[in-house]
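Novice: Prediction below, plus the sequence it came from.
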Amino acid sequence: MSTRPLNAPTEPRVYESVGVSTLLSRAWNLLRQNMKESMLVMLAPAVFGAVINIGMSIPAALPTLTSNAAAYSMAALISVGLGFILAIFNGYLWLYCMAILCRRYYQTLIQGVPPTLADCARVIRERAWPLFIVFTLVGLLYMAFMIMDVLFFLAAIVGIYIVIILAIVLMGAAGGSPNSALAGIAAVVAFLVMSALSGIGLVVLISLQGIFCFFPVVAAANARQERGEILASCGHAFRLMFRNFPRALLFGFLLFVLFTTLSLAMSMPIQMWTLFELMFNRVGEPGVIPFHVSVVANIYQILVGTVLWPFIFTALTLLWYDCRVRSDGLDLRLSLYRLNERFKERTGRTARHTSAGESSMGG
């Protein structure tokens, strides 16, 4: 019988490329291995974001607290302006925390045991300025994608109306009257079909945008220390995505659906309570969420975010690893590196593949 302790380091495995569903399963297992540390790291941006949201909710809650129009206008202006500035800062904080976790997850994959949070934070802190450039580019890309999503949504609404009108005209003509029952049925069917297609299209678009934004963060967090290589890793991340585009598309779609389902399920109690307060609120204006409800709802969202977002990061880290296995032969390079390490331990000499393996493992 083996006497090795349960928490003793094990020989790291070299994972081969697997299916998308297996990647999601491995992501959950990897998160469980790092659950406490992941929640601890994400607590900082979650709490800061909740404070911002509470501050931004003050203008909406003021009608229940005061009837002074001047005070209402001043508080609204201050809270919106200050909230916007703090939201930008929190975005950088959120991405830095994501980089720390992604580095921990990736090093866990290739080493077999997770490094300490202090080591991961130190590495990320040492490359703070290159990462700041990467995060700024990611933020600009994110804003461009938001504009794209709004345009897509508006185009989808216009398309739905056009298809409904065409269906009514064509089926009404076929039935002999624009007001025929056939035209009404055609309008309902056209609305349902176009709404479903537009919804699926929007989900696919958002899923791809999420990978486009977060893939460079995973790559930069695990690149070698040189500034040029950290910035170049972003371009390599985009190339990896395009080389594995169908796989990334399916993975992003399933991850988005899973994240949305879990988020709705976990947020259901607080949403029901908020709805109850809106329907039966007898204080202040009807339809205005009371301030204490906003505070409790934001605190609850802290707990949801600290659990769900680390799962997204583990999944994206595993997808990045898998794409490198498929496109860069990372599994072979890691195997060669570990064979070389064993060779050095036994003979004291270095084999020829050391640099390739070390480059594969990151900085």
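Specialist: Yes, it's here. Quantities reported herein were computed from a predicted structural model and do not represent experimental measurements.
Novice: Check the gap between residue 90 and residue 42 for me.
Specialist: Remark: distance between residue 90 and residue 42 (Cβ to Cβ, to the nearest Å) = 12 Å. For every residue, glycine as well, the C-beta is placed using N, CA and C.
Novice: okay, the two: which has more neighbours?
Specialist: In this comparison of residue 90 against residue 42, neighbours counted by other Cβ atoms under 10 Å, the higher total goes to residue 42 at 23 against 20.
Novice: Could you report the neighbour count for residue 25?
Specialist: By the other Cβ under 10 Å criterion, the neighbourhood of residue 25 contains 13 residues.
Novice: so where's the stretch 101-250 of the chain shaky on pLDDT?
Specialist: Counting by pLDDT under 70, the low-confidence segments of the stretch 101-250 of the chain come to 172-181, 227.
Novice: show me where it has helices.
Specialist: For the stretch 101-250 of the chain, the helices identified by DSSP state H, counting those that start in this stretch occupy 117-126, 128-175, 181-221, 227-243, 245-280, in order along the chain.
Novice: Any idea which of the ones you listed gets closest to residue 84?
Specialist: Comparison of the helices of the stretch 101-250 of the chain against residue 84 by Cβ to Cβ identifies helix 128-175 as nearest, at 12.7 Å.
Novice: ok, back up a step: so which of the helices of the stretch 101-250 of the chain gets nearest residue 51?
Specialist: helix 245-280 (17.4 Å).
Novice: who are the neighbours of that closest one, in terms of helices and strands?
Specialist: Under the contact definition 3 or more Cβ pairs under 8 Å, 6 or more residues apart in numbering; DSSP states H and E, helix 245-280 sits against helix 20-33, helix 181-221, helix 291-328.
Novice: Just send the helices of the stretch 101-250 of the chain back as JSON lines, with distance to residue 307 and mean neighbour count too.
Specialist: JSON lines is the format used below for those (distance: least, Cβ to Cβ, whole Å; neighbours: other Cβ atoms under 10 Å):
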{"stretch": "helix 117-126", "distance to residue 307": "17", "mean neighbour count": "16"}
{"stretch": "helix 128-175", "distance to residue 307": "23", "mean neighbour count": "15"}
{"stretch": "helix 181-221", "distance to residue 307": "18", "mean neighbour count": "18"}
{"stretch": "helix 227-243", "distance to residue 307": "26", "mean neighbour count": "16"}
{"stretch": "helix 245-280", "distance to residue 307": "8", "mean neighbour count": "15"}
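Novice: State the distance from residue 347 to residue 96.
Specialist: As defined by Cβ to Cβ, residue 347 lies at a distance of 42 Å from residue 96.
Novice: Those two - which one has more neighbours?
Specialist: Taking residue 347 and residue 96 together and counting by other Cβ under 10 Å, residue 96 has the greater number of neighbours (21 against 9).
Novice: what sits against the residue nearest to the more buried one when sequence neighbours are not counted?
Specialist: Counting by Cβ to Cβ, 6 or more residues apart in numbering, residue 124 is the residue found nearest to residue 96 once chain neighbours are left out, at 6.3 Å. With contacts taken as Cβ atoms under 8 Å, 6 or more residues apart in numbering, residue 124 has the following neighbours: 96, 99-100, 103, 131, 221.
Novice: rerun that using 10 Å as the cut-off
Specialist: Applying Cβ atoms under 10 Å, 6 or more residues apart in numbering, we find residue 124 in contact with 96-103, 131, 220-221.
Novice: tell me which of those is nearest to residue 247?
Specialist: Distances from residue 247 to these, taken by Cβ to Cβ, are shortest for residue 102, at 19.2 Å.
Novice: What is the burial count for that closest one?
Specialist: Counted by other Cβ under 10 Å, the residues lying close to residue 102 total 25.
Novice: Distance check, it against residue 34.
Specialist: Taken as Cβ to Cβ, the span from residue 102 to residue 34 is 11 Å.
Novice: and what of residue 136?
Specialist: When distances are taken as Cβ to Cβ, residue 136 and residue 34 turn out to be 28 Å apart.
Novice: what does residue 163 give?
Specialist: Relative to residue 34, residue 163 is positioned 48 Å away (criterion: Cβ to Cβ).
Novice: shouldn't residue 50 be in contact with residue 42?
Specialist: No. Between residue 50 and residue 42 no contact is recorded; they are 12.0 Å apart, counting by Cβ atoms under 10 Å.
Novice: hey, what's in contact with both of those two?
Specialist: With contacts defined as Cβ under 10 Å, 6+ apart, the residues shared by residue 50 and residue 42 are 302, 305.
Novice: quick one: contacts of stretch 162-170?
Specialist: Around stretch 162-170, the neighbours that count as contacts under Cβ under 10 Å, 6+ apart are 178-180, 182-191, 193-194, 197.
Novice: Which two of these have the greatest separation?
Specialist: 179 and 197 (26.9 Å).
Novice: Would you mind measuring the gap between the ends of stretch 110-118?
Specialist: 18 Å (Cα to Cα, to the nearest Å).
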